[in-house]
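Trainee: Provide a 3D model corresponding to the input given below.
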Amino acid sequence: MGDGSIDFRHEARARAYAEPLEALNPAQPDLFHNDAMWPYFDRLRAEAPVHFTPESDYGPYWSITRYNDIMAVDTNHQVFSSADGIVLQSLEAQAETAKRPTRPSFISMDPPRHDEQRRTVSPVVAPSNLQRMGPVIRERAGLILDGLPIGEEFDWVDLVSKELTAMTLATLFDFPFEDRRRLTHWSDVMTNAPGFGPVTSWEQKREEIDECFGVFDALWNERVNAEPKFDLISMLAHGESTRNMDAHEYHGNLGLLIIGGNDTTRNTISGSVYALNQNPAQYDMLRANPALIPSMVSETIRWQTPLAHMRRIATQDFEFGGKTIREGDKVVMWYVSGNRDDTVIEAPNSYVIDRARPRMHISFGFGVHRCVGNRLAELQLTIIWEEILKRFPTIELAGEPQRTHSIFVKGYETLPVVIPRRN
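Mentor: As a prediction, this is how the structure comes out:
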């Protein structure tokens, strides 16, 4: 991204403090694409931690930017409901969504329905199953790393981050393994606006999502008539609270599981390589003491914050942070900001792999919607770094990453790296 990105960041900082506070709008994909959103959140946390943006490409919305306020919203599902969806959609996307029935998933439900559906799929990420999956993930991580080119530039996102997460996700779904990268592609189709990522138009986006769900409908039809197995589709097809759900609800849950199983882990794997290169003293510390890997993983999940926000809708008028949030208002919890709140986290802008409490971050959310696959994400990240340190003294950046153009998925499209040849 080069100097243009640096210039953009300087301009964004100036804009963030020049604009009238009441008009401040952090929901700008260009800011995230250029890693330039930080001054907006710095100002909001300091001057208006509960802030209303009256006009934006996403319509009017409230921003919640401090750690403890985010926790308060995230754990109060009676007032702040997920039933209307969990992402701040652009007005263009809202118009597109209005043309087709919505696809509900358990993350966009409130208890008790949410709890019933979540329980159906949670055995796949239970400790006993993670213990079984560990050796499989380790074998695959080794094969991926042993196949990497040495001494020449390659894209870490493509060859490592996408590949490991696609393998794991294919196993969770019992999806045809040779077609696993279709899962990665469909996740990118679902999370990117037309013109960014793999889709160029709303029509193409609709067609590709329909293709995805057509493939999964066939898998449902196979498994609903077979003996129950230990994969996500079988669990949904045979689960007491899910076996009679309609196609739209099934598709909604699939979208959640595909995106959730892909983006968090994939972008944190990439983020860890980037963060360690940006902080060479921390990389030296990790090489000297691989026992710090679990702590480094948690610190990267905080520092990266792979999903920048979650949205709720107010079910009633509610006084919060000295402001009146009205029934029907959209409320955005900016996890990316809460993870940089210096009133809760010491030196939050620093990347510190031996923090005293590294898991004290907000990236997985709180309350009933806390990420169901958080332990699986941590397991994959821990294993890949254990295997990296066995093989490579260093992985070096070969250029700046290309970041995702999104206010939701905070990730990397590309990350050019070189693994130096050993002398």
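Trainee: quick one: the helices in the stretch 201-350 of the chain?
Mentor: 202-224, 232-238, 247-278, 280-288, 293-304, 335-338 (DSSP state H, counting those that start in this stretch).
Trainee: Among the ones you listed, which comes closest to Glu346?
Mentor: helix 293-304 (11.9 Å; Cβ to Cβ). All C-beta spots, glycine's among them, are computed from the backbone N, C-alpha and C.
Trainee: Tell me the helices and strands packed up against the closest one.
Mentor: With contacts taken as 3 or more Cβ pairs under 8 Å, 6 or more residues apart in numbering; DSSP states H and E, helix 293-304 sits against helix 247-278, helix 280-288, helix 374-391.
Trainee: Do a quick rundown of the strands in the stretch 301-423 of the chain.
Mentor: 309-314, 318-320, 323-325, 330-334, 396-397, 402-403, 412-414, 416-418 (DSSP state E, counting those that start in this stretch).
Trainee: deepest of the ones you listed, which one?
Mentor: Using mean count of other Cβ atoms under 10 Å, the stretch among those with the largest mean neighbour count is strand 330-334, at a mean of 25.
Trainee: how far off strand 309-314 does that strand point, in degrees?
Mentor: Strand 330-334 and strand 309-314 are oriented at 150 degrees to each other (axes from the mean of the first three to the mean of the last three Cα atoms, to 10 degrees).
Trainee: Using CSV, write out every CA atom in strand 330-334.
Mentor: C-alpha atoms of strand 330-334 as CSV (Å, rounded to 0.1, in the frame of the first residue of the first chain):
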residue,chain,number,x,y,z
LYS,A,330,-29.1,0.8,15.9
VAL,A,331,-26.3,0.4,18.5
VAL,A,332,-22.8,-0.6,17.3
MET,A,333,-20.3,-2.1,19.8
TRP,A,334,-16.9,-1.3,18.3
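Trainee: quick one on the thing from earlier: can you tell me which of the helices and strands packed on helix 293-304 is nearest to Ser128?
Mentor: That would be, of these and by Cβ to Cβ, helix 374-391, which comes in at 11.6 Å.
Trainee: hmm, who's touching that closest one?
Mentor: 125, 127, 130, 133-134, 137-138, 141-142, 145-146, 160, 164-165, 168, 261, 264-265, 268-269, 272, 286-287, 290, 293-294, 296-298, 300-301, 364, 371, 395 (Cβ atoms under 8 Å, 6 or more residues apart in numbering).
Trainee: cool, and stretch 48-66?
Mentor: 21-28, 41, 44-45, 69-70, 73, 88-92, 94, 311, 320-323, 325, 329-334, 337-338, 341, 343-344, 407.
Trainee: got it, and stretch 172-192?
Mentor: 124, 162-163, 165-167, 169-171, 197-199, 205, 208-209, 212, 215, 219, 229, 231-234, 255, 257-259, 261-263, 266, 404-406, 408-409.
Trainee: Now do stretch 391-408: distance to the chain's middle.
Mentor: Its chain's C-alpha centre and that of stretch 391-408 lie 16 Å apart, by Cα atoms, centre = their mean, to the nearest Å.
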